[in-house]
Every structure is written in C-alpha cells, then in structure tokens.
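Trainee: pasting the structure only:
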Ligand SMILES: Nc1nc2c(ncn2[C@@H]2O[C@H](COP(=O)(O)OP(=O)(O)OP(=O)(O)O)[C@@H](O)[C@H]2O)c(=O)[nH]1
Ligand SMILES: O=C([O-])CC(=O)C(=O)O
Ligand SMILES: [Mn+2]
C-alpha cells in the first residue's frame, strides 16, 4: 500500500483528527488505496446518527418505521444474495497453514494481501470512507480492547453504533496511551463511477471475510450483512479475540451470560454456548415460568471469560447491542425482547413490513396479518406459500433497552460463572439436560457438540454438523489447540469454584414431529435443576454420558406435559448413543495430532460404557 496522502483527505471537512500516529497512518494508507470521495471520522453522537440515517433513508436503504409504535427505528432490505454469514469465504490467514487448523479456510497471508489490495484498489470511489473508533467491553477495563473499523457503508456505521461503544470518547482514550487497536477494514465492494446512481444495498458477489491472527487485523469485502460487516462482533470479539485469549490465558466464546437468583436470594451466573440461531438470545432474556426464580440478562451472544485472582471464572459481555434472530421472537415466546424492541432505536434487516409502517416476522404474533410487504418488497398474504420475513432476518437493538438487564452488565470485572451449558439443535439422541462428571468430560461434551445447520449461515439448512463449543465458524486458530486451551485452562481455577458443565437440547422431537419440550420460559426448569445440582439438592441418575435428572427432580409444577413427551425430552437412549459414536470418531480423526489426549480418553471411556 502507498502512503501518499490522498488530495481528498486533505480537502475533507475534518483533517485527521487524531494524535494516534499508527491510526493516522493506517487511515491515510487505506484512503490512498480505496480512493473514497471523502473521509469522515465518526464521533458517535446522536446528531451524527440522525444525519446518517436520514442519508440512508434518502438513498432507499432504510425505511423509517411508524414513529408511534417503533420510535427512531428503521427497516433495511438487503440484496437477496447478502443475507447471512458466508463461511465458505471466511479465512484465517495465519503465517503457517497448520495454525488455521482444519475447521478454517486458509490462504498464505502474503498472497491474500496481494489479492485484497487488488480488490480494495479504488473500492470506495464515489463513496465516503468512515473511520469508526470502537471498544469491545468496558472503556474502564484494565486493558480496553480497542478496534477501528473503516467502512464505506452508512448502514454499518449506524449498526456499529448500536452494537459497540464508538466515537470520539473511545478515540481520546486510545490516544492517551497510543493503545493497540485491531484494524478492521470493510468495503461493500461497489465503487461508483462519476454520475453513477447507487443501489439501495450495494454489495459484491465476490465476498472475502479475512483475518490475520498474528497481526490481529481484519479485512472484509463485498458484504453488508451483520456477521460479515459489523467487524467488532464475530470477526474481532470471537475470531481475533480467541487468538488473543489463547496467547493471554483467557476465553473468548460464543456464549450468552445470565444471572439467576434462587428463592433463597442466592445469585448464580450461567454462560451458555449454542450455535447460531439455536436459542442464546431467547435463554438470555428468559421469563421464568417457575415461582420465585429470577433471571437477569448480561449478554446474548459473546462472553469473554478469565480466571480471577481467587480462581473464579469471571465473564463480561463485550457487546453493547443485540443482533437477534427476528423469526420466532414473539410476545408469547420472548416478551422481554419484544419490550426492548418496542422502545425503538432499532434497525431491522430483512423483516416484513405491515401496512401501517410496522414490522412483522413469522412467530411475532399469534395472528398473521392479512397483508404485508415481504422482505423482498413484494405483496404478501397468508396464502402466499413463502415466509414474509427472511429466516435470518434480524433486529439490532441497544442492550440497555432490556428491562431485565443486570446492573453488573457494566462491571469491567464481570460476573462469576457457576455453570456452563453447551447446547445444540438435535431432533434425536441428546437429552434435555445432562451434567458432566468433570471439567474434562464437560470439555468432551463441548468438543463433540452437534447441531442441525440453520439460516444464520449461507448453505443447506438442517444438516447435523459438529460444532465445538458452538464456535466452529469462529475459532481463529487450530481447533485442536483450541480444545487443548479449554482442557488446560482449568489449571488456573480454584477447584472448588470451577463451573459445572451441562449439555442441553431444547429441540428433541416426538414421533409426531413436534418439539417434545416446550422450551422458551420453561427452560427455567432446566436452569433450576442445574443450580440445584450445584447446591447438592437435585437427584440425578448416572448414565454413560453423564448425570440426567432422576424422576421427580425436574420441577414440572404447573406444566402441561404428557408422560410420553417428558420421557421423549429427557431420556437417555443407549442405542441412539451407540449410533452416535462413529460420527464422533470420524470427527475426532479430523483433528489428527492436535486432539488433546484427555479427550481421546473420554471418548474411549464413553465407548466402553456404552458397550456394557
Ligand atoms: N422450540 C424452541 N425454539 C427455540 C427455543 N429457544 C429459541 N428458539 C428459536 O430458535 C431461533 C433462534 O433463537 P435465538 O435465541 O435468536 O438464537 P441465537 O443462538 O441467539 O442465534 P444467533 O444470534 O444467530 O447466535 C428462534 O427462531 C427461536 O424462536 C426453545 O427453547 N425451543
Ligand atoms: O454473526 C451474525 O451474523 C449473527 C450471529 O449472531 C450468528 O450468526 O451467530
Ligand atoms: Mn451468534
């Protein structure tokens, strides 16, 4: 890249407004390469946001919603080809191929940079280049985790403002110590020739989501969709942060965090990893159906966890917003999310619109509206044989609009985690809840976690795939090294305070095809059982896979569930597990030498127990 200052940068209304030398230099380099019409430093203010969203409305990207029902909220409709993360085009470009591991795409970083330089040359012509200083987690953390996203998308600026702390305050703090920041470069990859009219959702068929783990940098080209373009989220807070966490002895995980208060007023904290579109946001915002148990939210997608001085595991949520799956989020299933959304200040992407300027998606209300405009802008009635909202349509909402947000959300030290849940979407085999015998057997559960694929990633939906710790698309390094890190990190713990690990599945089906377990608020019953296991109160039965609830130990008071459904939801079936073993064997073979020996021992133990 050249370092000559682009004439337009000098001429722009804001000259480089930073004393951070590295940042100033990077911005100059990127602008010289991408050749935008203008460079703009994002201050993060409400006035700026009002201006940008108005520009987006004028450009046809955003549609303002009915101000009475959805104040200061907008709907966006993407290009129909740009609706989800693109895992096939996501790369970990470590210096050594081995360090990317078998779960990631890899390309030599020198070659990849040459390729990206070609793509970014002139990529922002006709557009404004925005510089967004941001921090993931607290600005008051001992070492705040800074990033700077450069983007040519106003939609990305407006969404990043919801998802992270951005703007001048962050920049000033970075400048104080010339702090390290993760450079995160994004372009929709759609330069405009002189006089060329823009489209509502510019993007490029050629998409590249690239991470350089040793440099801790990110480059994203061609997509405007959330996980591909809001680079603080999956790219930084998971892929790059997982590498930082490996090197520095902590954990960056795809987990919700919730606080649970027992009837005796004892607080507990639970972190839970489920793959994309498998229930994290819903569990994090759960309305308990059991008496006297209270749930509060800390996070719905990402947890950064480290062992504290006393050997306790502490977790923070590095995000400032929710980027939640819209379909299935409704007044009956997730009223807390609905109340947060109803406060406004939200951006909805690829949902349907009602005739009175509101939004709708499948599962939002019990009654289906008679007429909608679907996410592709077409007339829609219930007779139309297609969903009105895209299955991966999303709401983007500030987290502090959640009424049940825990006061500890802002604590830079985080909360002490008592239990970790791993869960997937499985029609068969995996019981409602199983407690691991030990940390290592819990790591085994996480490492072999499996789930049916969803619309959150491009590709076929409903295929069972292994998804270790729900991190398959997000581990920024070798997957075997990642499991080793999990296995070894317990050495930092006070054994008395080591979290208990549980495997859960809300999605087992009955012979008729329905969900055996009602899920949503009823999942509080499973949380209660887990906490009562920690307290030594709940009875369990030992099975080859771990401990499952003994008859009568799961609180079912007030729940209408047939004997058959309960049995279907909770039972351990040795035959199903024996049928599962070859898939686990095959999965473990992919790790080669980097599979931790302790996990091989766990699998051998399970195989033997199932043979009896
Ligand atoms: N049957 C059933 N469906 C659920 C349950 N919890 C969530 N879902 C559905 O699963 C889908 C995804 O739920 P979310 O809570 O948004 O999933 P997530 O893990 O936060 O997804 P990402 O944001 O993609 O990481 C929605 O359609 C929910 O309605 C449950 O307990 N039972
Ligand atoms: O990253 C995204 O686009 C949305 C998300 O939370 C996930 O897919 O897990
Ligand atoms: Mn997610």
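Mentor: That came in fine, so what should we check first? On a predicted model such as this, the values are computed, not experimentally measured, just so you know. Ligands and ions are numbered 1, 2, ... in the order given.
Trainee: which helix or strand contains residue 460?
Mentor: Assigned by DSSP states H and E, residue 460 falls within no helix or strand.
Trainee: need the contact list for it.
Mentor: residue 453 (C-beta atoms under 8 Å, 6 or more residues apart in numbering). Bear in mind the C-beta positions are built from the backbone N, C-alpha and C, glycine included.
Trainee: so in that sheet, which strands flank the longest strand seen in the chain, and in what orientation?
Mentor: For the chain, the strand that runs over the most residues, judged by DSSP state E, is strand 128-136. Strand 128-136 has the following strand partners under DSSP bridges: strand 38-41 (parallel), strand 145-151 (antiparallel), strand 165-166 (antiparallel).
Trainee: mind putting those into TSV with mean neighbour count?
Mentor: Listed next are the strands paired with strand 128-136 as TSV, based on neighbours: other C-beta atoms under 10 Å:
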stretch	mean neighbour count
strand 38-41	20
strand 145-151	26
strand 165-166	23
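Trainee: now distance to residue 270 and mean pLDDT too, for those strands, in CSV please.
Mentor: Below are those laid out as CSV (distance: least, C-beta to C-beta, whole Å; pLDDT from 0 to 100):
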stretch, distance to residue 270, mean pLDDT
strand 38-41, 40, 97
strand 145-151, 24, 99
strand 165-166, 25, 98
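Trainee: dump those strands into JSON lines; add distance to ligand 1 as well.
Mentor: Output for these, formatted as JSON lines (distance: least, C-beta to the nearest ligand atom, whole Å):
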{"stretch": "strand 38-41", "distance to ligand 1": "30"}
{"stretch": "strand 145-151", "distance to ligand 1": "20"}
{"stretch": "strand 165-166", "distance to ligand 1": "20"}
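Trainee: okay if I get the ones you listed as a markdown table plus distance to residue 435?
Mentor: Formatted as a markdown table, the strands paired with strand 128-136 follow (distance: least, C-beta to C-beta, whole Å):
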| stretch | distance to residue 435 |
| --- | --- |
| strand 38-41 | 51 |
| strand 145-151 | 33 |
| strand 165-166 | 37 |
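Trainee: can you tell me the closest non-neighbouring residue to the one residue in the stretch 201-350 of the chain that gets nearest to ligand 2?
Mentor: Nearest to ligand 2, among the residues of the stretch 201-350 of the chain, is residue 227, at 2.5 Å (C-beta to the nearest ligand atom). Among residues not flanking residue 227 along the chain, residue 85 sits closest, at 4.0 Å (C-beta to C-beta, 6 or more residues apart in numbering).
Trainee: centre of the chain to stretch 417-429, how far?
Mentor: Mean-position distance between stretch 417-429 and its chain equals 16 Å (C-alpha atoms, centre = their mean, to the nearest Å).
Trainee: what do you get for stretch 276-289?
Mentor: For stretch 276-289 - counting by C-alpha atoms, centre = their mean - the centre lies 13 Å from the chain centre.
Trainee: pull out the buried positions in stretch 291-303.
Mentor: Buried residues in stretch 291-303, counted by 16 or more other C-beta atoms under 10 Å: 293, 295, 296, 297, 298, 299, 300, 301, 302, 303.
Trainee: how long is that stretch end to end?
Mentor: By C-alpha to C-alpha, to the nearest Å, the extent of stretch 291-303 from end to end equals 28 Å.
Trainee: then stretch 406-422?
Mentor: 22 Å.
Trainee: over to stretch 420-432?
Mentor: Stretch 420-432 stretches 15 Å from its first residue to its last (C-alpha to C-alpha).
Trainee: likewise stretch 171-187?
Mentor: First-to-last distance for stretch 171-187 - C-alpha to C-alpha - comes to 21 Å.
Trainee: ok, stretch 176-193 next?
Mentor: Length of stretch 176-193, first residue to last, C-alpha to C-alpha: 40 Å.
Trainee: thinking again about what came up before, out of the strands paired with strand 128-136, nearest to residue 401?
Mentor: Closest to residue 401 of the strands paired with strand 128-136 is strand 165-166 (C-beta to C-beta; 15.5 Å).
Trainee: so what does the helix or strand that the closest one is followed by touch, helix or strand wise?
Mentor: On the C-terminal side of strand 165-166, the closest following helix or strand by DSSP H and E is helix 168-176. Applying 3 or more C-beta pairs under 8 Å, 6 or more residues apart in numbering; DSSP states H and E, one finds that helix 168-176 contacts strand 128-136, strand 145-151.
Trainee: quick one, which of those strands is nearest to residue 222?
Mentor: Once those are compared by C-beta to C-beta, strand 145-151 is nearest, at 12.4 Å.
Trainee: other residues contacting the closest one?
Mentor: Under the criterion C-beta under 8 Å, 6+ apart, residues 23, 26-27, 30, 129-137, 156-157, 160, 164, 170, 173-174, 179-187, 229, 231-232, 236, 241, 244, 318 lie in contact with strand 145-151.
Trainee: show me which residues of the stretch 151-300 of the chain are close to ligand 1?
Mentor: 274, 276, 277, 278, 279, 280, 281, 282, 300 (C-beta under 6 Å from any ligand atom).
Trainee: ditto for the stretch 451-600 of the chain
Mentor: Neighbours of ligand 1 within the stretch 451-600 of the chain, by C-beta under 6 Å from any ligand atom: 456, 506, 507, 515, 519, 520, 523.
Trainee: closest to ligand 3 out of these?
Mentor: Here the nearest of these to ligand 3, counting by C-beta to the ion, is residue 456; it sits at 7.0 Å.
Trainee: my guess is that closest one meets residue 87, correct?
Mentor: No. Judged on C-beta atoms under 8 Å, residue 456 makes no contact with residue 87 at a distance of 9.9 Å.
Trainee: three-state assignment of the residue nearest to residue 392 when sequence neighbours are not counted?
Mentor: In this structure, residue 392 finds its nearest non-sequential neighbour in residue 455, 4.1 Å apart by C-beta to C-beta, 6+ apart. Assigned state for residue 455: coil (three-state reduction, DSSP: H, G, I helix; E, B strand; the rest coil).
Trainee: the residue of the stretch 451-600 of the chain found nearest ligand 1: what's it in contact with?
Mentor: Nearest residue of the stretch 451-600 of the chain to ligand 1: residue 519, at 2.5 Å (C-beta to the nearest ligand atom). Counting by C-beta under 8 Å, 6+ apart, residue 519 makes contact with 279, 282, 506, 507.
Trainee: now those in JSON lines, with neighbour count and distance to residue 221?
Mentor: Formatted as JSON lines, these follow (neighbours: other C-beta atoms under 10 Å; distance: C-beta to C-beta, whole Å):
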{"residue": "279", "neighbour count": "23", "distance to residue 221": "31"}
{"residue": "282", "neighbour count": "25", "distance to residue 221": "33"}
{"residue": "506", "neighbour count": "25", "distance to residue 221": "37"}
{"residue": "507", "neighbour count": "23", "distance to residue 221": "35"}
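Trainee: among those residues, which are in helices?
Mentor: The helices, defined by DSSP state H, take in residue 282 from the contacts of residue 519.
Trainee: show me the one of the helices and strands packed on helix 168-176 that comes nearest ligand 3.
Mentor: strand 128-136 (14.6 Å).
Trainee: and the average pLDDT for that closest one is what?
Mentor: Throughout strand 128-136, pLDDT has a mean value of 98.
Trainee: neighbours of the residue nearest to residue 557 when sequence neighbours are not counted, how many?
Mentor: Of all residues not flanking residue 557 in the chain, residue 290 sits nearest, at 7.1 Å (C-beta to C-beta, 6+ apart). By the criterion of other C-beta atoms under 10 Å, residue 290 has 17 neighbours.
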